[in-house]
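1. can't give you the sequence, but here's the structure:
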């Protein structure tokens, strides 16, 4: 609002202003403040006194030269024509006649056309203040004649501070975590936060307590999410479902749970990268540090995406419980394989993720290390994410008792980030012995990496599938007799 403040101080006044932003961020309130700034009896000022007759009447809604129009219910050309016919007359008592048109984007095309003439050649005593949540629906010809100000969503700390101030003034007891829940549920809208506060006061019998607010909002106690992440880290499918059942037993919102899980995963990712993002006095600091140490960075990124997608898809699920539990099982399905040492025995109801097996398991069941190909070795390393991709694009140059030499083509050199190299080396040393030296160099490559070989096999199978379709007698008859055409892009080889 610096530009608006400076314009008022320098007396460089425009004839039309447009305030945009989501609901409840103060568009109409700011419009009334601007009306006071233009008509304050102390003069045009960026700081209206709020005490003079003009300011007091604007605050009470009785100022004769302030005309407010709700375009949602008065959107036609008749209403606009009537309003503009009065614009030519000088203000009765004020310095400027001010028109505030709320939700202006809902005006009809004819109403906008009627307004356009006045916006092009406005009387010197008229100021238009327009407000909208959807400026994209306004004609460009109108937008170009307005000074535009976009009001951003109000940050949660500011909403909490305002609620704190209100409750202190009212002398009502409250718990700070309850205000944090209300501020988050308001989603940047101060008006929504005030409505929720009134509801919370009624729900809590005059007190604003965290437990009552959680119950009112259907918010999820984070201890449930902590338990979900611990079960995920332990690859405990039964534990995941048990936590979901506990949440269902308390009638918690599963959509809110996925939203809160996204927030929690974001905090853990930040904590891994920038530890200072969690204050020392944060009551959840210890548990966040514990959880951050349970997951790799790429796994948190994956789970975050799955949580977002699950929240988007929950409306398409048979019910919210099914949507939530399927999201958890999807996370488990893509989780890295559980460690071999200390792994718990399989239990009834435990979901085993469909992933590459942990080191010293998969390849030995088929071949020993001397007989295994490099691709089979990679599949048995238990790597995930970018580290797995790095190993798949490497070619084995040499392997003996104390050394493993790998090379990667320059085309995929970008995969050689230090964290991914370290994970590949650690997995190979766990497989072949801690004393084995692992080196990865950049070269031209011979085209024998597991990724290249897999791509060749995929292309071979695709070509074979196309050939099988083309040679099918029924298909050939359709092509010859009915001028049919084979769309090769729709042919997919059967999974083997």
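-> Great, that's in hand. Keep in mind that what you see is a predicted model, and the values were worked out from it rather than measured.
2. does residue 62 count as helix, strand or coil?
-> Secondary structure assignment for residue 62 (DSSP: H, G, I helix; E, B strand; the rest coil): coil.
3. contacting residues around it?
-> When the contact criterion is C-beta atoms under 8 Å, 6 or more residues apart in numbering, residue 62 has no partners at all. Where C-beta positions appear, they are placed from N, C-alpha and C, glycine not excepted.
4. return the per-residue confidence for it.
-> Looking at residue 62, its pLDDT stands at 91.
5. try the one 4 residues further on
-> Looking at residue 66, its pLDDT is 92.
6. need the contact list for it.
-> So residue 66 contacts 32, 35, 39, 58, 94, 98, 100 (C-beta under 8 Å, 6+ apart).
7. from those residues, which land in helices?
-> Here DSSP state H is the test, and the contacts of residue 66 give 32, 35, 39, 58 as lying in helices.
8. domain parsing for this protein?
-> Under the assignment automatic domain parsing, the domains of the chain span 2-150, 156-217, 225-333, 374-448, 452-490.
9. want to throw those domains into JSON lines with distance to residue 360?
-> Formatted as JSON lines, the domains of the chain follow (distance: least, C-beta to C-beta, whole Å):
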{"stretch": "domain 2-150", "distance to residue 360": "55"}
{"stretch": "domain 156-217", "distance to residue 360": "46"}
{"stretch": "domain 225-333", "distance to residue 360": "17"}
{"stretch": "domain 374-448", "distance to residue 360": "6"}
{"stretch": "domain 452-490", "distance to residue 360": "23"}
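10. and residue 434, how many neighbours?
-> 7 (other C-beta atoms under 10 Å).
11. ramachandran angles for residue 72?
-> phi -70, psi -30 (degrees, to the nearest 10).
12. just the closest of the contacts of residue 66 to residue 131, please.
-> Checking the contacts of residue 66 against residue 131 by C-beta to C-beta gives residue 100 as the nearest, at 7.1 Å.
13. all strands of the stretch 301-450 of the chain, in order?
-> Residue ranges of the strands in the stretch 301-450 of the chain, as given by DSSP state E, counting those that start in this stretch, are 394-400, 403-409, 437-443.
14. same list (those strands) but as CSV, adding distance to residue 225, mean neighbour count and mean pLDDT.
-> Converted to CSV, those look like this (distance: least, C-beta to C-beta, whole Å; neighbours: other C-beta atoms under 10 Å; pLDDT from 0 to 100):
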stretch, distance to residue 225, mean neighbour count, mean pLDDT
strand 394-400, 37, 17, 89
strand 403-409, 39, 19, 90
strand 437-443, 38, 14, 89
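15. of the ones you listed, give the one that comes closest to residue 83.
-> Comparison of those against residue 83 by C-beta to C-beta identifies strand 403-409 as nearest, at 70.2 Å.
16. on that earlier part again, most neighbours among the ones in helices among the contacts of residue 66, which one?
-> With neighbours taken as other C-beta under 10 Å, the top of those is residue 39, carrying 27 neighbours.
17. can you pull the contacts of it?
-> The neighbours of residue 39, taking C-beta under 8 Å, 6+ apart as the test, are 54, 58, 63, 65, 66, 94, 95, 96, 98.
18. which other helices and strands contact the lowest-mean-pLDDT helix or strand in the chain?
-> Every helix and strand in the chain was compared by mean pLDDT, DSSP states H and E; the lowest is helix 210-217, with a mean of 80. Here helix 210-217 touches helix 176-186, helix 190-203, going by 3 or more C-beta pairs under 8 Å, 6 or more residues apart in numbering; DSSP states H and E.
19. about what we covered before: just put the strands of the stretch 301-450 of the chain in CSV and tack on distance to residue 13.
-> Converted to CSV, the strands of the stretch 301-450 of the chain look like this (distance: least, C-beta to C-beta, whole Å):
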stretch, distance to residue 13
strand 394-400, 68
strand 403-409, 65
strand 437-443, 64
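20. closest to residue 254 out of those?
-> strand 394-400 (41.9 Å).
21. and that closest one, how far from the chain's centre?
-> Put simply, strand 394-400 sits 42 Å off its chain's centre (C-alpha atoms, centre = their mean, to the nearest Å).
22. which helices and strands sit right next to it?
-> Counting by 3+ C-beta pairs under 8 Å, 6+ apart, strand 394-400 packs on helix 374-379, strand 403-409.
23. compare the contacts of residue 39 and tell me which is most surrounded.
-> When neighbours are counted by other C-beta under 10 Å, residue 98 leads the contacts of residue 39 with 26 neighbours.
24. for residue 240, see how far away that one is.
-> Separation of residue 98 from residue 240 (C-beta to C-beta, to the nearest Å): 59 Å.
25. again with residue 201
-> From residue 201 to residue 240 the distance is 37 Å (C-beta to C-beta).
26. equivalent analysis for residue 175, please.
-> Distance from residue 175 to residue 240, counting by C-beta to C-beta: 30 Å.
27. next: residue 464.
-> Distance, residue 464 to residue 240, by C-beta to C-beta: 41 Å.
28. for those two, indicate the residue with more neighbours.
-> Counted by other C-beta under 10 Å, residue 464 and residue 240 do not tie: residue 240 has more neighbours, with 24 against 11.
29. in the helix or strand hosting that one, what counts as buried?
-> Following DSSP states H and E, one finds residue 240 within helix 237-249. Neighbour-count burial for helix 237-249, counted by 16 or more other C-beta atoms under 10 Å, picks out 237, 239, 240, 241, 243, 244, 247.
30. so where's the longest helix in the chain?
-> The longest helix of the chain (DSSP H) is helix 450-471.
31. give the buried residues for that helix.
-> Buried-residue list, helix 450-471, by 16+ other C-beta under 10 Å: 450, 451, 452, 453.
32. can you check stretch 154-167 too?
-> 154, 156, 159, 160, 162, 163, 167.
33. can you tell me what sits against that stretch?
-> With contacts defined as C-beta under 8 Å, 6+ apart, stretch 154-167 is touched by 25-26, 174, 176, 179-180, 182-184, 186, 188-190, 193-194, 197, 208.
34. and those, which of them are buried?
-> 25-26, 174, 179-180, 182-184, 186, 188-190, 193-194, 197, 208.
35. out of these, which one has the lowest pLDDT?
-> residue 184 (80).
36. for that residue, which non-adjacent residue is spatially closest?
-> Computed as C-beta to C-beta, 6 or more residues apart in numbering, the closest residue to residue 184 that is not its neighbour in sequence is residue 156, at 6.0 Å.
37. just residue 494 next, same as before
-> Among residues not flanking residue 494 along the chain, residue 465 sits closest, at 7.6 Å (C-beta to C-beta, 6+ apart).
38. verify the contact between the one you found and residue 491 for me.
-> Yes - Residue 465 lies in contact with residue 491 (C-beta atoms under 8 Å); the separation is 5.3 Å.
39. which one of the helices and strands packed on strand 394-400 lies nearest to residue 124?
-> strand 403-409 (71.8 Å).
40. other residues contacting that closest one?
-> By C-beta under 8 Å, 6+ apart, the residues outside strand 403-409 that reach it are 390, 393-399, 415-416, 424, 428, 432, 436-445, 449.
41. from the middle of its chain, how far away would it be?
-> 39 Å.
42. just checking: what are the partner strands of it?
-> Counting by DSSP bridges, the strands paired with strand 403-409 are strand 394-400 (antiparallel), strand 437-443 (parallel).
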